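>>> Structure for the following, please:
(6 chains)
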Number of protein chains: 6
Amino acid sequence: MTRISTGITDLDKKLQGGFPEGECILITGEPGTGKTIIGIQFLYNACKEGKRCALIATEETPEKIIIHGKALGFDLEPFVNTNQLSMVRFLEIRAFDIGEGTNQKYIEIDDINNLLHMMQEDIDVIVLDNMGTFSIGVDLKEFRDKVDALAYLLSKQNRTSLIMMDATAHELTHRITEYSTYGTIKLTTKENPYTGKMERYMYMPKMRGTKVTLELINYDITEEGIKLLSSKSNK
Amino acid sequence: MTRISTGITDLDKKLQGGFPEGECILITGEPGTGKTIIGIQFLYNACKEGKRCALIATEETPEKIIIHGKALGFDLEPFVNTNQLSMVRFLEIRAFDIGEGTNQKYIEIDDINNLLHMMQEDIDVIVLDNMGTFSIGVDLKEFRDKVDALAYLLSKQNRTSLIMMDATAHELTHRITEYSTYGTIKLTTKENPYTGKMERYMYMPKMRGTKVTLELINYDITEEGIKLLSSKSNK
Amino acid sequence: MTRISTGITDLDKKLQGGFPEGECILITGEPGTGKTIIGIQFLYNACKEGKRCALIATEETPEKIIIHGKALGFDLEPFVNTNQLSMVRFLEIRAFDIGEGTNQKYIEIDDINNLLHMMQEDIDVIVLDNMGTFSIGVDLKEFRDKVDALAYLLSKQNRTSLIMMDATAHELTHRITEYSTYGTIKLTTKENPYTGKMERYMYMPKMRGTKVTLELINYDITEEGIKLLSSKSNK
Amino acid sequence: MTRISTGITDLDKKLQGGFPEGECILITGEPGTGKTIIGIQFLYNACKEGKRCALIATEETPEKIIIHGKALGFDLEPFVNTNQLSMVRFLEIRAFDIGEGTNQKYIEIDDINNLLHMMQEDIDVIVLDNMGTFSIGVDLKEFRDKVDALAYLLSKQNRTSLIMMDATAHELTHRITEYSTYGTIKLTTKENPYTGKMERYMYMPKMRGTKVTLELINYDITEEGIKLLSSKSNK
Amino acid sequence: MTRISTGITDLDKKLQGGFPEGECILITGEPGTGKTIIGIQFLYNACKEGKRCALIATEETPEKIIIHGKALGFDLEPFVNTNQLSMVRFLEIRAFDIGEGTNQKYIEIDDINNLLHMMQEDIDVIVLDNMGTFSIGVDLKEFRDKVDALAYLLSKQNRTSLIMMDATAHELTHRITEYSTYGTIKLTTKENPYTGKMERYMYMPKMRGTKVTLELINYDITEEGIKLLSSKSNK
Amino acid sequence: MTRISTGITDLDKKLQGGFPEGECILITGEPGTGKTIIGIQFLYNACKEGKRCALIATEETPEKIIIHGKALGFDLEPFVNTNQLSMVRFLEIRAFDIGEGTNQKYIEIDDINNLLHMMQEDIDVIVLDNMGTFSIGVDLKEFRDKVDALAYLLSKQNRTSLIMMDATAHELTHRITEYSTYGTIKLTTKENPYTGKMERYMYMPKMRGTKVTLELINYDITEEGIKLLSSKSNK
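As a prediction, this is how the structure comes out:
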């Protein structure tokens, strides 16, 4: 199986080289756990390797994401300027619709599917940050069918994709997105029982075609992005 | 009682030779617990023993499942080519229906029943992976009646069958499918209290006509499929 | 108070001779806890003692139940052949109704009441396995009224009866059936805190006119049926 | 404050002589905790003391209750025969209504209120066993208003009353009946942490005009009715 | 900030002299925790100090409350007779409405607001016991708006007020009343971990303009009313 | 990134100088945890530094907030008098609407958006205390869209803003506001496991562009406002 680097060296080692190419991976977590940063590092690295990429941003403006990346040392701006990285502005469309009040039908998961059909074929890497806004208030059966269809389409088009989903939306949809994707990374915060401090962990319950352990991987959000912390099982 | 091998030698020993022939068994678990792999190993072994089989795949394409099996050393492709293993493509039908938007009536549990009525009589082994998609949004009373009817039909036709059901759908339907099937295997992940590591366990609360213990059986998903781990109670 | 043997010698000792004659007892438990086996043992013993009996089977065919009993050494077939034991085939009626789709009105709790009115007077013992299918989707107030009426009717007709009810349906109906019956036996599985193993227990929170203790009674499902395990409090 | 004996000598001691006369007390508990026995002992004693009493029985026939009392040594039959104890047959009316299917409007809490208005003035003691059947499916606001009105009416008529309410109905109505009554006795079963055995306890969170402790009072259901068990705090 | 005595000397010490004058305080607790007694002691003291007071009683008759107070040594009757204490009979109105069945529109929170508009200006102290009856079945948004308006009105009229609210209603309204009031006192019962006995505690999570600690204050309901128990932190 | 002081010196140190300028921060907590005081200290300091500010007060009158601030040593009155601090009186409008009953359409989140559009451009700092009243009874999907739009608008207008939200409303909206804001501070009360006393803590799960630790920061509400308590990790 071909791999595509996650942009985080230590995480690549845990994944036998990176995310499985052409597959769809779910990243889920509470606010502040670094979902967007994982997307930024992944896109930055893929761009550097010459892949064409797209970021579908539903909760932030591309400008904010670029500033966010720059602060961490991952400058996406040159790739945006050369059009190697396409920025799909969904927040602004949502905010306009809401503000104007003229358009009752907000962006839906179907719009993502339509977008994928229209998207240029040479775009290999897609980050959708985040899908949660499409799930609230949608009938669960319909959401499951549509996520299955979205994952199926992404896989058929052979695009490597990360779908970010906030923990609230993930719980409200009874975690069913995990059944549709090829793999899942969960970002959590929990108390270290020995030190009594809150620490960040990632957990990979599912990663097809990849020998992953079920360990809780301690990580930190540093001024240079996500860093896995060395532990006994890491060495 | 005649037995049919599960395709996992150590599991056969726990089950006095394998699954009860002609009966319907439920396999349930969270994403990444190996439900699909259990189905692959069971089908691979049954094909090797010359039985005619069918896989009803609602969440993945047959191609993906074949790749998945090959990677683990269980190559289903020759059996598909000789038509000994029939692949029922339900994901594609679902995805087409959803994508086109022309067909509001997605595949339902009734379609499984109809399929069983039309299926050739010499198909002895059926794997349905997974039934969860049929349960969401269905009235609980109706779901229970239909699952009872499905289990009754499978048993009357004397087909040995595995029904996979994702844990989310199983919980949302209040675990009532367990009352309709002849046996149940639950796949779970829990922390080993001595090592603090997450480990995989299977648990068999019900297996009629079979002397099973209520132990938690530790297993692993290896590069050669499901392996039971030796434990005191295994020896 | 006259007693009628449960068919389990050790359980009779706990109940001052057996179930109270002419009363209605609830047996509830998860799948695989032995509800059906308790029914088989009770019927087998009552038939041997010359009582006329009826089994209302809503989830299995009589044939399966007879096979189940034979495997445990309780052969009900001769009693069925001499008509001493009547088998009411409710699963087949349910499955036919569901399969045909011509009859929207499935079997309901009212049908049990009607059946009891039509049933021959000399039938002294009734096992209903299980009532859960009648409870799902029914308004709680209506269910309570109907269960009260059913228990009242059984008692007025002076029939000793066991009502099996699966734990899911029992929970979904907020355990209200326990208020209508003369006694309740709960079958559960829990971890033995000393050995860490899962074990089976029965618990009798209510048994009118009978001096029962509130102990958890350890039991096992053996190849010869239900066996109570000796414990300090058993001796 | 005048007291009226509970019929349980040790309980009278805890209550400064007995229940407060002319007030309404709630007794709540799971099945098998002895609610009905408390009612029987209270009525038996009140009859012996020459008071006129009424038992409104919604879940059992008077005959069954009389048999129940006799077995425990509290023979209510003579008092029924002399009309000192009136038995209101609500179970039979409910069962008839349900069985006939001609009367959609089952007995409601309003019928209790109407009954109280019609009841002879010299009836001083009332036991209602149990009110739970009137609460299910009733709007919570309406139930609260009606229970307040019922408690107000009972108190205005100066009748000492026990209202039994099963724990399921009490929980489903969010325990609001406790706010309307003058006092509450809760009957529970819990594990004794020292012996590991299940034991019965009563707890009195509220008893106006009475100095009660918040202790858990251990009791048993013996062949002679409810007995409080001696404990350090009892002596 | 001016203070007005709570009528409980030890509690006054905890509150820098008493409740903040002209503000609205919430008292919440389960049945039997002494909400009504706090109201009685507060009114008795305020009357003695010459303040004009009103008690809005929704769950008990004024007569019962007067008897309750007398038994504890707080005789409100003389103040009622001189009209210094007005008793608003809301229970009787509610019970009449319910009993007659002619008036579907029970008393609502709006009636409290109307009452406040009509009430004489020189009434400085108001106790509303309890507001729970107005909250059940009311839309949460509407309840919040109305409670905000009620608290705003009481504060604008510069009346010192205690609003009692039963714990059930408080939980069912998601504790939102606490956001509208100037302060909150919660009355609870919990097990003392050292003695294993149930004890009473009050807790003050919010008291604006007052330096309160977050301690659990142990108290008892004695024959002379509420008494705080001395503890290390009390001395 | 430019910082703007929180008005709490020790908190500024934890935030590399203060809140990120031009961004929107969420403050959430139970009643009595000091949300309003944080707003007062922030506004007081910003006014002193010459910034133009606005306080949108939905639950209290400006007069009360000014009294509250004065008692703590943060006198906002001079800034209100010179119009440097604008007070938006939303409580009075709400209370009037409710009291009159003529206006069914209470203030909604849209009114905040409209207000922002009309507000003078030189207002740099906004405190909204609190948004909870706008969330109850609003469809979750709609609330999420509107909060995203509000946060987007505030950020586009480059106004530094604090949105207070009570814990009840935050939980009822499944904490989704945290996904829309740039950072979140949670105010909680919990038992110190060593002393057994209740203590106040703040926790910052998310603060973009800022190196924050995940520690629980112990604080107190003193007579001079919020004070962080020194701890090992503070030094």
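>>> Stretch A:143-154 and chain B in contact?
Yes: applying Cβ under 8 Å from any Cβ of the partner chain, one finds stretch A:143-154 in contact with chain B at A:144-146, A:148-149, A:152-153. Heads up, the C-betas are built off the backbone N, CA and C, glycines and all.
>>> okay, these in a markdown table with secondary structure and neighbour count next?
Putting those into a markdown table (DSSP: H, G, I helix; E, B strand; the rest coil; neighbours: other Cβ atoms under 10 Å in any protein chain shown) gives the following:
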| residue | secondary structure | neighbour count |
| --- | --- | --- |
| A:144 | helix | 25 |
| A:145 | helix | 22 |
| A:146 | helix | 23 |
| A:148 | helix | 23 |
| A:149 | helix | 21 |
| A:152 | helix | 23 |
| A:153 | helix | 18 |
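>>> where exactly do the strands run in chain A?
All strands of chain A, identified by DSSP state E, fall at A:3-4, A:19-20, A:24-29, A:52-57, A:85-89, A:123-129, A:160-166, A:183-191, A:198-207, A:217-222, A:225-228.
>>> Quick one, which of the ones you listed gets closest to residue F:181.
Of all the strands of chain A, it is strand A:160-166 that lies closest to residue F:181, at 12.8 Å by Cβ to Cβ.
>>> can that closest one be found next to chain B?
No: counting by Cβ under 8 Å from any Cβ, no contacts exist between strand A:160-166 and chain B, the nearest distance being 13.4 Å.
>>> Can you spell out which helices and strands pack onto that strand?
For strand A:160-166, the helices and strands in contact under the criterion 3 or more Cβ pairs under 8 Å, 6 or more residues apart in numbering or on different chains; DSSP states H and E are strand A:19-20, strand A:24-29, helix A:35-48, strand A:123-129, helix A:132-135.
>>> before we move on, the earlier item: so can I have JSON lines of the strands of chain A showing mean pLDDT?
Output for those, formatted as JSON lines (pLDDT from 0 to 100):
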{"stretch": "strand A:3-4", "mean pLDDT": "96"}
{"stretch": "strand A:19-20", "mean pLDDT": "96"}
{"stretch": "strand A:24-29", "mean pLDDT": "97"}
{"stretch": "strand A:52-57", "mean pLDDT": "95"}
{"stretch": "strand A:85-89", "mean pLDDT": "91"}
{"stretch": "strand A:123-129", "mean pLDDT": "95"}
{"stretch": "strand A:160-166", "mean pLDDT": "96"}
{"stretch": "strand A:183-191", "mean pLDDT": "93"}
{"stretch": "strand A:198-207", "mean pLDDT": "93"}
{"stretch": "strand A:217-222", "mean pLDDT": "94"}
{"stretch": "strand A:225-228", "mean pLDDT": "95"}
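>>> Take these and lay them out in JSON lines including distance to residue B:214.
Below are these laid out as JSON lines (distance: least, Cβ to Cβ, whole Å):
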{"stretch": "strand A:3-4", "distance to residue B:214": "41"}
{"stretch": "strand A:19-20", "distance to residue B:214": "37"}
{"stretch": "strand A:24-29", "distance to residue B:214": "33"}
{"stretch": "strand A:52-57", "distance to residue B:214": "48"}
{"stretch": "strand A:85-89", "distance to residue B:214": "53"}
{"stretch": "strand A:123-129", "distance to residue B:214": "44"}
{"stretch": "strand A:160-166", "distance to residue B:214": "36"}
{"stretch": "strand A:183-191", "distance to residue B:214": "30"}
{"stretch": "strand A:198-207", "distance to residue B:214": "25"}
{"stretch": "strand A:217-222", "distance to residue B:214": "33"}
{"stretch": "strand A:225-228", "distance to residue B:214": "39"}
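>>> what's the closest of these to residue B:34?
Shortest distance between residue B:34 and these, using Cβ to Cβ, is found for strand A:198-207: 9.9 Å.
>>> Just give the strands next to the closest one in its sheet, each with its orientation.
strand A:183-191 (antiparallel), strand A:217-222 (antiparallel) (DSSP bridges).
>>> Deepest in the core, which of those is it.
Using mean count of other Cβ atoms under 10 Å in any protein chain shown, the stretch among the strands paired with strand A:198-207 with the greatest mean number of neighbours is strand A:183-191 (a mean of 18).
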